[in-house]
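1. Mind looking at a prediction? Sequence and model below.
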2 protein chains.
Amino acid sequence: MHTLDVALGERAYPIHIGRGLLDDPALILGRLQAPRVAIVTNDRVGPLYLSRLQGALEGNGVRVDSVVLPDGEAYKDWQTLNLIFDALLGARCERSTTVIALGGGVVGDMAGFAAATYQRGVPFIQIPTTLLAQVDSSVGGKTAINHPLGKNMIGAFYQPRLVIADTATLDTLPERELKAGLAEVIKYGLIRDLPFFDWLEANIDSLLERDPAALAWAIERCCRNKAEVVAADETEKGERALLNLGHTFGHAIETALGYGTWLHGEAVAAGTVMAAELSRRLGWLHGAQVERVRTLLRRAGLPVSGPALGAERYLDLMAHDKKVEAGQLRLVLLKDIGAGVVSATADSADIAAAIEACSVR
Amino acid sequence: MHTLDVALGERAYPIHIGRGLLDDPALILGRLQAPRVAIVTNDRVGPLYLSRLQGALEGNGVRVDSVVLPDGEAYKDWQTLNLIFDALLGARCERSTTVIALGGGVVGDMAGFAAATYQRGVPFIQIPTTLLAQVDSSVGGKTAINHPLGKNMIGAFYQPRLVIADTATLDTLPERELKAGLAEVIKYGLIRDLPFFDWLEANIDSLLERDPAALAWAIERCCRNKAEVVAADETEKGERALLNLGHTFGHAIETALGYGTWLHGEAVAAGTVMAAELSRRLGWLHGAQVERVRTLLRRAGLPVSGPALGAERYLDLMAHDKKVEAGQLRLVLLKDIGAGVVSATADSADIAAAIEACSVR
Ligand SMILES: NC(=O)c1ccc[n+]([C@@H]2O[C@H](COP(=O)([O-])OP(=O)(O)OC[C@H]3O[C@@H](n4cnc5c(N)ncnc54)[C@H](O)[C@@H]3O)[C@@H](O)[C@H]2O)c1
Ligand SMILES: NC(=O)c1ccc[n+]([C@@H]2O[C@H](COP(=O)([O-])OP(=O)(O)OC[C@H]3O[C@@H](n4cnc5c(N)ncnc54)[C@H](O)[C@@H]3O)[C@@H](O)[C@H]2O)c1
Ligand SMILES: [Zn+2]
Ligand SMILES: [Zn+2]
């Protein structure tokens, strides 16, 4: 087991990474405010892991209630969030009850938002079970649900007390989801960790084969990057925005096609290529560097061009993004591989050209 | 104009109290992050004050969007909250857009919760227009909506950047609402300010006649008390809980009868008598002191006994309250007039007896 810390003063918390951690209730027990938890999961992950976690906790005198949500990004909405509140209130969960998210990023974001707002805030623990959630969404305290007009538009910054990444849970993860998670893994290399990008070029095949050592190493490296960024800029006033590389383009794809048609990571992959291409048009990247980005994403089994929505539609959807300031779109671009930057330099024509160059005709 | 400060470090903010402040946009202009606001109001307050506020701001180059909600506690729910999000997203409000609440406590609580969660948090200003909101709900950062199983169950702690209490807006307040606000005014005297309680006994008639000087003085005194309590205990780990005197009983009444049948302040008034009676049964107050409490509330035109729900039903509803810890109900009681205390001493039989003694048969 490896343990990292997210340095956030009195709200600091550990991330434990290792195989089989789900069977180690001691990690959780020491962090509970009262011997009572509510586990939020979904109807895919629940059947795989809920009873094991529940049993381990109950065996130690913890009262466990659970909420099983329908699976999928399409359910990351008010109606489904309310199922969590209904369950918490129905079971009379108190302010000292800890909410535990057991699942991927969707469960984590929703359970986190519920924990942030149930009785104005109850303790929260993340147990991420997808690669994407283990390397990204479970760390850093962003929680949210979607709105028909935009992704993650309603939410809160709310830190967990503990993150447990049991890498053994990735054994059951569908191939396509594993690949989607790699989009976020590659992101860290691109925005701030050139040595890691080099390592990924050498080891992408091992990751795709789910080599346990390679996966564990990559997860730890990503969490270390994420923890550093979050500690420096918890509420995204500055550096943290870099984590959105490819996301403004990607959210447009997700919103246009309806949540869940493209996976989040797939949309981010295509968006990352668009960001790289735009960086080239601004004179920041060479064509060969854009090719390096495209090649690694392609080798990871990810799309490297977006759907043919037309640049107009992309721009329109992107104007809804949270990164708009004074009507100006701020995008994460690359000054180099390993050097992301937030920029409002690009005008609509540049952006449109990059989108057209990187989407299916 | 009188100005008080809520001392919360980097989140400190001023409360301005005075007649006609609505016509002074300078108070607001200096506090905006960008020249753009979204005013949330309702279909009763909007027709009275929205165009004046909107005009004053637009005349100073501020872009103003507005959302007019249906009026009433019954609409303090998810569906209505979503109307705010729909409007903010429809108008493409950005992270730097300030949400302004113009109305009573319901509008303030809902607009505040929307501000806390729209794009994970945007700037927020309170312009309370009821006595209750001016003396209580607009100060201190509690925001929430109701759930069918309990009042204010979903929300956030989120401080405004500014509170403007224009006492002239109280001129149009219905009589019954004015009286309801007095329940919270009297509360401050009971929990921590005996000299103010004495003053209220002498001046309750002037307040009911809406004597401007008396009202202004009482509002300032209440805000000063509230600001002190909030600065000492922002997230209600301790002293702040005292502000809930009468509220656990009162919430049971509100939930049982359906939100809006009894006004919040009316329910709190009956609940306050129950708390005083329970304090007497525990040997903390004399009968004469309970009578003083009852008399002042009655003179303020407020109910001094609850509806005949039966003690069982009260206790059941109260068990849902946020003040439950480890299954134990914690109530705000009185050790003296001017000395509130949070206590888990009373057992169900005591509580039931106090409820029965103070409810209609
Ligand atoms: N909060 C943040 O900082 C942040 C960061 C990145 C992404 N996100 C959000 O995360 C979400 C995407 O997360 P995701 O990719 O984990 O999607 P997901 O939660 O939908 O999980 C993907 C699929 O895998 C299933 N699954 C999960 N764990 C499994 C396991 N161990 N075995 C078998 N199946 C399993 C899920 O049920 C789902 O069907 C998006 O909503 C995105 O907005 C949030
Ligand atoms: N956040 C907190 O700390 C806190 C504290 C106390 C109460 N509250 C909440 O506040 C709410 C009660 O607030 P309220 O008593 O202001 O109720 P309210 O907001 O419903 O207002 C009462 C009525 O007066 C109308 N009104 C408002 N201003 C008016 C004006 N100037 N002229 C004419 N009519 C006017 C309203 O439209 C409404 O019909 C409850 O939901 C309660 O839970 C919150
Ligand atoms: Zn992402
Ligand atoms: Zn109240």
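-> Structure's in. What do you need? Ligands and ions are numbered 1, 2, ... in the order given.
2. average pLDDT for whichever strand or helix holds A:Val273?
-> Using DSSP states H and E, A:Val273 maps to helix A:264-281. Across helix A:264-281, the average pLDDT comes to 97.
3. Does ligand 1 have contacts with that helix?
-> Yes - with C-beta under 6 Å from any ligand atom as the criterion, ligand 1 is reached by helix A:264-281 at A:His264, A:Gly265. The C-beta positions use only the backbone N, C-alpha and C, and glycine is treated the same way.
4. Likewise for stretch A:38-45?
-> Yes - with C-beta under 6 Å from any ligand atom as the criterion, ligand 1 is reached by stretch A:38-45 at A:Asn42, A:Arg44, A:Val45.
5. Check stretch A:19-27 too.
-> No - where contact is defined by C-beta under 6 Å from any ligand atom, no part of stretch A:19-27 touches ligand 1; the two come within 10.2 Å at best.
6. burial measure for the nearest residue to A:Gly105 once chain neighbours are set aside, as a count.
-> Counting by C-beta to C-beta, 6 or more residues apart in numbering or on different chains, A:Gly105 lies nearest to A:Ser137, which is 3.7 Å off, once chain neighbours are set aside. A:Ser137 is surrounded by 26 other residues when neighbours are defined as other C-beta atoms under 10 Å in any protein chain shown.
7. cool, A:Arg52 as well?
-> The local packing count at A:Arg52 equals 12, with neighbours defined by other C-beta under 10 Å.
8. so it sits in a strand?
-> No - assigned with DSSP: H, G, I helix; E, B strand; the rest coil, A:Arg52 falls outside any strand and is helix.
9. Which ones among the residues of stretch A:38-45 next to ligand 1 map onto strands?
-> A:Asn42 (DSSP state E).
10. A:Arg19: neighbouring residues, count only.
-> A count of neighbours around A:Arg19, defined by other C-beta under 10 Å, yields 17.
11. what sits against A:His286?
-> A:His286 makes contact with A:Arg280 under the criterion C-beta atoms under 8 Å, 6 or more residues apart in numbering or on different chains.
12. was I right about A:Phe243 contacting A:Ala232?
-> Just to correct that, residue A:243 is Leu rather than Phe. No - the pair A:Leu243 and A:Ala232 fails to qualify as a contact (C-beta atoms under 8 Å) at a distance of 11.6 Å.
13. doesn't A:Leu333 fall inside a helix?
-> No - applying three-state DSSP, one finds A:Leu333 to be strand, outside a helix.
14. For ligand 1, see how far away the nearest residue to it once chain neighbours are set aside is.
-> Taking C-beta to C-beta, 6+ apart, and ignoring the residues beside it in sequence, A:Leu333 has A:Ser279 as its nearest neighbour in space, at 4.5 Å. Between A:Ser279 and ligand 1 the distance, using C-beta to the nearest ligand atom, to the nearest Å, works out to 22 Å.
15. now A:Pro25
-> Between A:Pro25 and ligand 1 the computed distance is 19 Å (C-beta to the nearest ligand atom).
16. And the residue nearest to that residue when sequence neighbours are not counted, which helix or strand is it part of?
-> The spatial neighbour of A:Pro25 that comes closest, neighbours along the chain excluded (C-beta to C-beta, 6+ apart), is A:Ala56 at 4.1 Å. Following DSSP H and E, one finds A:Ala56 within helix A:51-58.
17. Assumed A:Gln79 was part of a helix.
-> Yes - assessed with three-state DSSP, A:Gln79 lies in a helix.
18. Just give the number of residues close to it.
-> As a burial measure, A:Gln79 scores 10 neighbours (other C-beta under 10 Å).
19. Ligand 1 versus that one, what's the distance?
-> As it turns out, when the distance is counted by C-beta to the nearest ligand atom, A:Gln79 lies 16 Å from ligand 1.
20. Indicate whether the helix holding A:Ala56 makes contact with ligand 1.
-> No - using C-beta under 6 Å from any ligand atom, no contact is recorded between helix A:51-58 and ligand 1, whose separation bottoms out at 12.0 Å.
21. State the pLDDT value of the closest residue to A:Arg240 other than its chain neighbours.
-> Leaving out its chain neighbours, the residue that sits closest to A:Arg240 by C-beta to C-beta, 6+ apart is A:Asp233, at 4.1 Å. pLDDT, the model's per-residue confidence, is 94 for A:Asp233.
22. Next: the one 4 residues further on.
-> The predicted local confidence for A:Lys237 comes out at a pLDDT of 89.
23. Tell me the spacing between it and A:Lys142.
-> A:Lys237 is 14 Å from A:Lys142, where distance means C-beta to C-beta, to the nearest Å.
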